[in-house]
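A.B. asks: Okay, here's the prediction I keep looking at, along with the sequence it came from:
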Amino acid sequence: MKKAIILLLSVQFFVYLGFGIIIPVLPEVIVQHGWAEMHVGGLLTVYALASFFTAPLWGSLSDRIGRKPLILTGLIGFSLSFIIFALFVDYLPILYLSRIVGGLFSGALYTAVTGFIGDLSSDEERNKYMGFMGMSIGLGFIFGPAIGGILGDISIATPFITSAILTALLCVYAYFVLEEPTKRKPNDKTRSIIPKGANVLLQHRVRYLFIFSFLVTFMLAGVESTFQLFQMDRIDITTKQIGSLFMFSGFVDAAIQGGVVRRIKDGTETTWLIGAQIITAIGMILFTLTNSLVFAGVALCVFTAGNALARTCVVSLSSKESGGRYGTAAGLTYSMDNLGRILGPLFFTWVFTQQANLGFYISSAIAILSIGLIVIFTASKKSLRHQEI
């Protein structure tokens, strides 16, 4: 594999490792200081909000000035967010600021890395590389919470200091190793501001993939926010058991994206997306039938397999449908993902308070109905697949 690709995968791994590290530590920070528990959700939400509003701009900027400058900027900013959190862990307003900074620069990293991979790969290779990228993200989610829990026993600040150091070292390495891709050839249109660039894409069938991406993440965020509450009510599950289940499902995520997605042939993505949503719907129904820890783990793994397959396939297909504007497409996809992470927890937590099973039934229906978007996408002739805009 190309040295640049390996480095780019490392960047994604550390970004999501940093995101995962905060999951087991953040509630402890809030409880230790006696702050309202609502701030756990608040600190997670502002991260997603910052990414949502800035990722398309980063994507357009990466198309204009290059991938490498954005990656270096993102790594520096992401490292800074961890330093701020570690130094001001006793000051809630500053913690919010650190999460905003983290979300802001994670958007730069995601869009620049995805665009870079698009520049370095052919259509046939892109599924493979996007699969590896998905696997690196999955591994970050696997090891992040585990490392956060271990380092958090030393001190609350230790996980964040460690993440800051690792990200800073990665930035130095990237500075000397990464070379701006020669394939990227921006023209007048790719230099235009983001609303114009986004409007061009949204006039073509790739827009259905952006909506699909939102729904996939919307369901994922719903599971992440209500799964533990649901299983506590059903089987009196413990925090340690929840961590074990999510770690195991993370390996399933990585296996799907690293072992399955990279083998998907160019032109067959829509078939796989339809299959992924059917698997997702089955996983949602299995959640409602939970009667033991093992059954809960099986249901979570079935859901994870479908969701992981859908997430990575739609990113790859969106890139191919972007008319060469990989950064802008990645930015729009990333923003739709973040919109799902903003709205998903709020919606599904509210639904859970009304009726415990209802959220999973709704998600199952959404998964099946979203197949209609793929059907419409396939039928549409307004494609940018073989055009440069």
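C.D. replies: Received the coordinates, thanks.

A.B. asks: Surely Gly18 and Ser163 touch.
C.D. replies: Yes. The criterion here is C-beta atoms under 8 Å, and Gly18 meets it with Ser163 at 4.5 Å. (Glycine included, C-beta is placed from N, CA and C.)

A.B. asks: which of the two has more neighbours?
C.D. replies: Ranked by neighbour count (other C-beta atoms under 10 Å), Gly18 and Ser163 place Ser163 first, with 30 against 26.

A.B. asks: what sits up against the host helix or strand of that one?
C.D. replies: Using DSSP states H and E, Ser163 maps to helix 158-177. Applying C-beta atoms under 8 Å, 6 or more residues apart in numbering, the contact partners of helix 158-177 are 3-4, 7, 10-11, 14, 17-18, 21-22, 25, 68, 71-72, 75-76, 78-80, 82-83, 85-86, 89, 147-148, 151-152.

A.B. asks: Need the residues touching each of Gly18 and Ser163.
C.D. replies: With C-beta under 8 Å, 6+ apart, Gly18 and Ser163 have common neighbours Phe82.

A.B. asks: Buried subset of the contacts of helix 158-177, written for ChimeraX?
C.D. replies: In ChimeraX syntax, the buried subset of those is picked out as below (16 or more other C-beta atoms under 10 Å):
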select :4,7,10,11,14,17,18,21,22,25,68,71,72,75,78,79,80,82,83,85,86,89,147,148,151,152
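
A.B. asks: Mind checking which of the contacts of helix 158-177 are in helices?
C.D. replies: 3-4, 7, 10-11, 14, 17-18, 21-22, 25, 68, 71-72, 75-76, 78-80, 82-83, 85-86, 147-148, 151-152 (DSSP state H).

A.B. asks: Name the nearest residue to Gly222, sequence neighbours excluded.
C.D. replies: Phe348 (3.3 Å; C-beta to C-beta, 6 or more residues apart in numbering).

A.B. asks: Can you give me the pLDDT of that neighbour?
C.D. replies: pLDDT, Phe348: 81.

A.B. asks: Tell me the first helix or strand C-terminal of the helix or strand encompassing it.
C.D. replies: Phe348 is part of helix 326-354 when elements are defined by DSSP H and E. Next in sequence after helix 326-354, counting helices and strands by DSSP H and E, comes helix 358-369.

A.B. asks: So which other helices or strands are in contact with that following helix?
C.D. replies: Applying 3 or more C-beta pairs under 8 Å, 6 or more residues apart in numbering; DSSP states H and E, we find helix 358-369 packed against helix 206-235, helix 269-288, helix 326-354.

A.B. asks: buried residues in that helix?
C.D. replies: In helix 358-369, counting by 16+ other C-beta under 10 Å, buried: 359-360, 362-364, 366-367.
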